[in-house]
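A.B. asks: take this sequence and fold it.
(one chain, ligands or ions: 1)
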Amino acid sequence: MCYNLVNAKGDIMKNIILTGDRPTGKLHLGHYVGSLKNRVRLQNEGNYDTMYLMIADAQALTDNFANPKKVRDNVMEVAMFYLACGIDPSKVTIFIQSEVNALTELTFYYMNLVTVSRLYRNPTVKSEIKLRGFEESIPSGFLNYPVSQAADITAFKSNIVPVGEDQLPMLEQTKEIVHSFNRIYGDVLVDPTPVLPEGDYAKRLPGLDGKSKMSKSLDNCIYLDDSDEVIKKKVMSMYTDPNHIKIEDPGRVEDNAVFIYLDVFCKDEHFTKYLPEYHNLEELKNHYRKGGLGDVTIKKFLTNILIEVITPIREKKQELEQNIEYVYKVLEEGTKKAEEAANKTLEEVRSHMGIDYFSNESFLQEMKDKFNN
Ligand code: TRP
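C.D. replies: Residues are numbered from 1 along each chain as shown. Now for the predicted structure:
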């Protein structure tokens, strides 16, 4: 991928990538195919000036305000998963959202640029309100989290934001805030472009039930540190084709979670290793469609592939669990760097808004002139 964007003034802009996750639980295969893999690829392609990875603890608190321990514990958990998946802290700045004060301050100023009815119209927020049972009384912090997300993105002048499909409404709101801000106060903020993962299933990997998206609250996840035994048990419980009862029955590969996962994870070389009777996924699918191929065979095959994906991540994470101090240092240093960058933008924002009273002489001079002294 190549992004060489030019701003309104015709200057070549820097590529600044920013993305993040709420620390509310362990990361799972949905995160892996939907974002983690993509981030490691972007990191390794190196086509950027700065890449930030934010642990969005303040955003996590907007719907977990009564459960701060959960958020606190998962900050470290998420950081370890990042590193275990191959994020390299010498190339990527990993930081904790709430420790960057500028983000909260920017949020407060941006709130003036967004109406309450606009906040209610955000489709992702709408469905989350339903899911959380917030219909009766919505915490205003929760309703406002898209504004805080706009602060996350704009504080770093990020132009590239790799996200899942459910985050597109946040990017839409961010753009609106950028445009309003720049129109009213002058050109400061950068318009972000969302980058979605490639492939439909990568955008939305179904859970073990085959129906909804893989998600912790639905208890349908394979976690990136599950043991071989647990992976095996979970795959064996997966949804396939309910009409494929006897082995001889013809089966459907569409809407069949096992085949969806195979579409995402299986490579031809896996057949040589684990299922040499077939050469590729097309052959396997054709046999399943015709009848005569049992679910246990395809599930064992998938188990082997997933074990191959997860084992190195789990092992690296176990190593990091023995070296918490290292992970802590990574977070501390990353946060310091992020803070410096965000403070610079905040300073510009304050100056364009005319609330930079003590940063230079101009306020004093203006008032002196006004009152003739
Ligand atoms: N809303 C994102 C999620 O739920 C997390 C997030 C917070 C984020 N701020 C961000 C993602 C800024 C991208 C950019 O996963």
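A.B. asks: in the stretch 101-250 of the chain, where is pLDDT below threshold?
C.D. replies: Filtered on pLDDT under 70, the stretch 101-250 of the chain yields no residues whatsoever.
A.B. asks: now do residue 23: how many residues are near it, please.
C.D. replies: Using other Cβ atoms under 10 Å, residue 23 has 26 other residues around it. From N, CA and C alone the C-beta is placed, and that goes for glycine too.
A.B. asks: quick one, what contacts the residue nearest to it when sequence neighbours are not counted?
C.D. replies: For residue 23, the nearest residue in space outside its immediate sequence neighbours is residue 74; the separation is 3.7 Å by Cβ to Cβ, 6 or more residues apart in numbering. Taking Cβ atoms under 8 Å, 6 or more residues apart in numbering, we find residue 74 in contact with 23-26, 60.
A.B. asks: from the ligand, how far off is the closest residue to residue 347 other than its chain neighbours?
C.D. replies: Nearest residue to residue 347 in three dimensions, chain neighbours excluded: residue 359, at 6.9 Å (Cβ to Cβ, 6+ apart). Relative to the ligand, residue 359 is positioned 27 Å away (criterion: Cβ to the nearest ligand atom, to the nearest Å).
A.B. asks: how about the residues of the chain by the ligand?
C.D. replies: For the chain, the contact set with the ligand under Cβ under 6 Å from any ligand atom comprises 18-22, 54, 56, 59, 149, 152-153, 161, 163, 167.
A.B. asks: highest neighbour count among the residues you listed?
C.D. replies: Neighbours here mean other Cβ under 10 Å. Within the residues of the chain next to the ligand, the largest count is held by residue 153, at 30 neighbours.
A.B. asks: what strand or helix carries it?
C.D. replies: Element membership for residue 153 (DSSP states H and E) is helix 145-155.
A.B. asks: what comes into contact with that helix?
C.D. replies: Residues from elsewhere that reach helix 145-155, judged by Cβ under 8 Å, 6+ apart: 18, 20, 54, 56, 58-59, 62, 97, 100, 102-104, 106-107, 110-111, 114, 119, 122, 125, 161, 169-171, 173-174, 177-178, 181, 189-190, 192, 341-342, 345-346.
A.B. asks: from those, which would you call buried?
C.D. replies: Under a neighbour-count criterion of 16 or more other Cβ atoms under 10 Å, the subset of the contacts of helix 145-155 counted as buried comprises 18, 20, 54, 56, 58-59, 62, 97, 100, 102-103, 106-107, 110-111, 114, 119, 122, 125, 161, 169-171, 173-174, 177-178, 181, 189-190, 192, 341-342, 345-346.
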